[in-house]
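Peer 1: Following is a predicted model, sequence given first.
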Amino acid sequence: MWWGCSIMAPNRYYCSSLDECRVALGKLSIFNLWYFKKIFAILLEELQTHGNRMEAALEDKHDMHRYHDEAKKVHVELKALRMEKEELEVKIAEMQLIVDKDSHVERLHQKKMYLTSEVKKLEKQKSELLDIDEDSMVFGDMW
């Protein structure tokens, strides 16, 4: 209590502040009026602080429901985005497979073109060798 106590309790309730106001009013006299005004002002300020805290707690409680509703909406959106992400990852994997197959086909085509040119070179060399053999046979008949 304020009367005769020099230390205020750290955790005080609204009702305890009101009790002290009632005690102060009960002890009010003409002799302690100047002291009462100071103490009563402090007690009123403390009551205002408690009232502000209660209002803030009510607002927080009201906001908690709104935040909870918003969190539900965000959770649903997050779930949808995760599903969309998984679908896109599957599509990317399919596209990567197609690109890999396409590059493999391109390499095979390049090998085919190279082997085709090698076959043509070998056929040309073969035909040249056959022409040389035929030419040598013609000259062989003349001798």
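Peer 2: That came in fine, so what should we check first? Numbering: from 1, shown residues only.

Peer 1: Name the spans of this protein whose pLDDT lies under the cut-off.
Peer 2: 1-11, 133-143 (pLDDT under 70).

Peer 1: Let me see the ranges of the helices in it.
Peer 2: Along the chain, counting by DSSP state H, helices occupy 14-26, 33-142.

Peer 1: possible to save those as a markdown table with mean neighbour count?
Peer 2: (Each C-beta comes from the backbone N, C-alpha and C, glycine too.) Shown next, in a markdown table, are the helices of the chain (neighbours: other C-beta atoms under 10 Å):
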| stretch | mean neighbour count |
| --- | --- |
| helix 14-26 | 14 |
| helix 33-142 | 10 |
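
Peer 1: can you tell me how far the nearest residue to residue 36 once chain neighbours are set aside sits from residue 22?
Peer 2: Leaving aside its sequence neighbours, residue 36 sits nearest to residue 28 (C-beta to C-beta, 6 or more residues apart in numbering; 5.4 Å). Computed with C-beta to C-beta, to the nearest Å, the distance linking residue 28 and residue 22 is 11 Å.

Peer 1: And for residue 37?
Peer 2: For residue 37, the distance to residue 22 - C-beta to C-beta - is 17 Å.

Peer 1: cool, and residue 95?
Peer 2: 79 Å.

Peer 1: With residue 130 instead?
Peer 2: Distance from residue 130 to residue 22, by C-beta to C-beta: 130 Å.

Peer 1: same thing with residue 32?
Peer 2: Residue 32 is 16 Å from residue 22, by C-beta to C-beta.

Peer 1: who are the neighbours in contact with residue 69?
Peer 2: Residues counted as contacts of residue 69 (C-beta atoms under 8 Å, 6 or more residues apart in numbering): none.

Peer 1: Can you tell me how far it is from residue 61?
Peer 2: 14 Å.

Peer 1: before we move on, what about residue 93?
Peer 2: Residue 93 is 48 Å from residue 61, by C-beta to C-beta.

Peer 1: can you check residue 87 too?
Peer 2: Counting by C-beta to C-beta - residue 87 and residue 61 are separated by 40 Å.
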